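Enquirer: quick check, what structure comes out for this input:
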Amino acid sequence: MKQAPLTGFSSVCVHAGHEQDPLYAHLTPIYASSTYVYDSAEQGMHRFSGKEDGYIYTRWDSPNFREAEEKIAALEGFGLNMQLKAKLHASGMGALSTLFFSNLKSGDKVISHYSLYGGTDEMFRKTLPPLGIETIFIDMQDLNKTEEIIKADPSIKMMYLETPANPTLKCVDLEALCGIAQQYKLVSAVDNTFATPYLQQPFAYGADYVFHSTTKFLNGHGTAIGGVLVGKDLEMMRGPVEKMARMLGANSNPFDSFLLTQGIKTLEVRMERHCHNAMEVAGFLDGHPAIARVNYLGLADHPDFSIASRQMKHAGAMLSFELKDGLEAGKRFIDRLQMCLRAVSLGTCDTLICHPASMTHYSVPKELREKYDITDGLIRVSVGIEAVTDILNDLEQALS
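Expert: The predicted structure is shown next:
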């Protein structure tokens with residue numbers, strides 16, 4: 001009997017991508033095999049040529065990869081009536097590498113904005129330039145300036161957006177910018193790690209690719225590293241993107257894919273709690289006498305409150321803040337934490353607190369960090385799903 005279409009986001013989280021195991025296991029088993037066998041030479045030939053679907057070698061594909069990929073593609077396209085394809089990777093940086101190397105060549109340029117994840121920024125500034133690929137960084141909230149630069153330089157081939165941005169929580173207008181990209185035939189790519197498809201769907205605004213570090217909210221438990229690239233051009237995804245991912249050797253592995261699949265099943269219920277707690281924490285910090293400023297998109301005085309309200313379902317689980325006494329006060333605060341954890345990364349069930357200038361963005365030169373508002377006193381918080389009273393109590397005693 002054919003299953004009726006799934007109409008609820010949580011149902012897609014749980015069931016999308018799953019196929020009944022031949023031995024009737026409830027969950028897809030972990031396929032710990034490097035290679036797959038064929039019934040005949042002809043079948044092997046057909047699989048290699050693409051005439052027959054099937055598994056060949058785990059660097060290329062695996063039942064565990066495929067379930068996670070189909071689940072993520074279904075979530076990014078939920079309610080959009082479009083077919084998407086996802087390619088799972090060993091890390092977010094692996095997925096980014098596939099994106100850039102399958103879409104860009106020497107002489108091409110990328111246009112992007114200030115305040116990106118430190119690894120992405122370093123790739124733009126150090127990895128791509130020796131290959132002849134330059135990145136232009138501008139304030140992409142200035143739509144007229146953005147269009148002027150693109151119009152004047154035909155070598156710009158890609159627009160790369162990260163919204164909300166890490167760690168300043170700045171937002172850019174997806175609909176307007178993807179519209180500009182379409183007008184000038186640029187490939188548009190969006191890092192949706194902070195928001196997840198539960199809070200924001202860039203494909204609804206015209207994006208060509210969506211990227212995630214699946215290590216974060218999609219996995220949700222801090223148990224596995226991973227990345228995914230999702231695209232709407234199926235021919236491109238099945239051709240150059242797939243080929244590049246295979247050649248880079250940036251594939252995931254069956255165990256991490258299995259953990260990712262299990263984590264995604266609780267995405268909606270986790271995000272609801274994350275978002276509720278973050279709003280409470282932001283309100284507490286915003287009124288605290290030791291805090292100079294709070295960056296949280298759910299606060300009406302955030303400069304990007306209106307943009308976030310248009311394109312996000314909720315302001316999310318991420319925030320950052322600066323203490324009035326700067327870096328030394330920040331160190332004291334972090335050292336006094338008792339329940340909240342001193343750790344990089346984000347999106348886990350527990351609250352994680354880090355110092356971007358010396359941790360996630362240490363590779364970004366100080367003058368650029370300051371230009372991006374990533375000051376030495378900035379603290380980033382990934383608000384967890386603990387009882388919010390316990391989070392607030394720990395923050396209060398650490399600030400006192």
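Enquirer: what about Leu378, distance to Gly119?
Expert: Using Cβ to Cβ, to the nearest Å, one obtains 18 Å as the distance from Leu378 to Gly119. Every residue, glycine included, has its C-beta placed from N, CA and C.
Enquirer: neighbour count: these two, which is higher?
Expert: A count of neighbours by other Cβ atoms under 10 Å puts Leu378 above the other of Leu378 and Gly119, at 25 against 18.
Enquirer: buried ones in the lengthiest helix in the chain?
Expert: Longest helix in the chain by number of residues (criterion: DSSP state H): helix 267-286. Under the neighbour-count criterion of 16 or more other Cβ atoms under 10 Å, helix 267-286 has 267-268, 270-271, 273-275, 277-279, 281-282, 284-286 buried.
Enquirer: now do that helix, average pLDDT.
Expert: For helix 267-286, mean pLDDT rounds to 98.
Enquirer: ditto for stretch 243-250
Expert: For stretch 243-250, mean pLDDT rounds to 97.
Enquirer: contact partners of it?
Expert: Contacting residues not belonging to stretch 243-250 are listed as 59-60, 87, 89-91, 94-95, 97-98, 101-102, 227, 229, 251 [Cβ atoms under 8 Å, 6 or more residues apart in numbering].
Enquirer: could you rerun that using 10 Å?
Expert: Taking contacts as Cβ atoms under 10 Å, 6 or more residues apart in numbering, the residues outside stretch 243-250 that touch it are 57, 59-61, 87-91, 93-103, 227, 229, 237, 251.
Enquirer: I'd like to know which of the residues you listed are buried.
Expert: 59-61, 87-91, 93-103, 227, 229, 237, 251.
Enquirer: so which of these sit within strands?
Expert: Cross-referencing the buried ones among the contacts of stretch 243-250 against strands under DSSP state E gives 87-89, 227, 229.
Enquirer: any chance of these in JSON lines, plus pLDDT and distance to His355?
Expert: Output for these, formatted as JSON lines (pLDDT from 0 to 100; distance: Cβ to Cβ, whole Å):
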{"residue": "Lys87", "pLDDT": "98", "distance to His355": "33"}
{"residue": "Leu88", "pLDDT": "98", "distance to His355": "31"}
{"residue": "His89", "pLDDT": "98", "distance to His355": "28"}
{"residue": "Gly227", "pLDDT": "98", "distance to His355": "24"}
{"residue": "Leu229", "pLDDT": "98", "distance to His355": "30"}
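Enquirer: for those, which one is nearest Gly316?
Expert: Gly227 (19.4 Å; Cβ to Cβ).
Enquirer: contacting residues for the closest one?
Expert: Neighbours of Gly227 in contact, by Cβ under 10 Å, 6+ apart: 87-99, 193, 211-216, 218, 250, 252.
Enquirer: 8 Å - rerun?
Expert: 88-96, 211-215, 250.
Enquirer: what do you get for Gly239?
Expert: Listed by Cβ under 8 Å, 6+ apart, the contact set of Gly239 is empty.
Enquirer: tell me the spacing between the residue lying closest to Thr28 once chain neighbours are set aside and Gly77.
Expert: Among residues not flanking Thr28 along the chain, Glu67 sits closest, at 5.4 Å (Cβ to Cβ, 6 or more residues apart in numbering). Separation of Glu67 from Gly77 (Cβ to Cβ) stands at 16 Å.
Enquirer: what do you get for Ser10?
Expert: 16 Å.
Enquirer: what of Glu386?
Expert: Counting by Cβ to Cβ, the separation of Glu386 from Gly77 is 32 Å.
Enquirer: worst-scoring helix or strand of the chain, pLDDT-wise?
Expert: The weakest-scoring helix or strand in the chain, judged by mean pLDDT, DSSP states H and E, is helix 366-371 (a mean of 70).
Enquirer: could you point out which element follows that helix?
Expert: strand 378-382 (DSSP states H and E).
Enquirer: which residues in this structure form strands?
Expert: With DSSP E as the criterion, the chain has strands at 85-89, 109-113, 134-138, 156-162, 187-191, 209-213, 227-231, 291-295, 318-323, 341-342, 352-354, 378-382.
Enquirer: contacting residues for the spatially closest residue to Glu175 that is not a sequence neighbour?
Expert: Spatially, and ignoring its direct neighbours in sequence, Glu175 is nearest to Tyr205 (4.3 Å; Cβ to Cβ, 6+ apart). Tyr205 is in contact with 174-175, 178, 311, counting by Cβ under 8 Å, 6+ apart.
Enquirer: re earlier: do I have it right that the residue nearest to Thr28 meets Ile30?
Expert: No - counting by Cβ atoms under 8 Å, Glu67 does not reach Ile30; the two are 11.1 Å apart.
Enquirer: more neighbours, those two?
Expert: Glu67 (22 against 16).
Enquirer: per-residue confidence for the more buried one?
Expert: On the pLDDT scale, Glu67 is placed at 98.
Enquirer: ok, now which ones touch it?
Expert: Residues near Glu67 by Cβ under 8 Å, 6+ apart: 17-19, 28, 257, 261.
Enquirer: out of the residues you listed, which are buried?
Expert: The buried subset of these - by 16+ other Cβ under 10 Å - is 17, 28, 257, 261.
Enquirer: name the nearest residue to the last one, ignoring sequence neighbours.
Expert: Okay, so that is Thr261. Per Cβ to Cβ, 6+ apart, closest to Thr261 is Ala68, 4.9 Å.
Enquirer: how many neighbours does that neighbour have?
Expert: Counted with other Cβ under 10 Å, residues neighbouring Ala68 total 31.
Enquirer: if we can go back for a sec, now render the strands of the chain as JSON lines, adding distance to Gln200.
Expert: JSON lines is the format used below for the strands of the chain (distance: least, Cβ to Cβ, whole Å):
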{"stretch": "strand 85-89", "distance to Gln200": "16"}
{"stretch": "strand 109-113", "distance to Gln200": "16"}
{"stretch": "strand 134-138", "distance to Gln200": "22"}
{"stretch": "strand 156-162", "distance to Gln200": "11"}
{"stretch": "strand 187-191", "distance to Gln200": "9"}
{"stretch": "strand 209-213", "distance to Gln200": "9"}
{"stretch": "strand 227-231", "distance to Gln200": "13"}
{"stretch": "strand 291-295", "distance to Gln200": "17"}
{"stretch": "strand 318-323", "distance to Gln200": "12"}
{"stretch": "strand 341-342", "distance to Gln200": "26"}
{"stretch": "strand 352-354", "distance to Gln200": "21"}
{"stretch": "strand 378-382", "distance to Gln200": "17"}
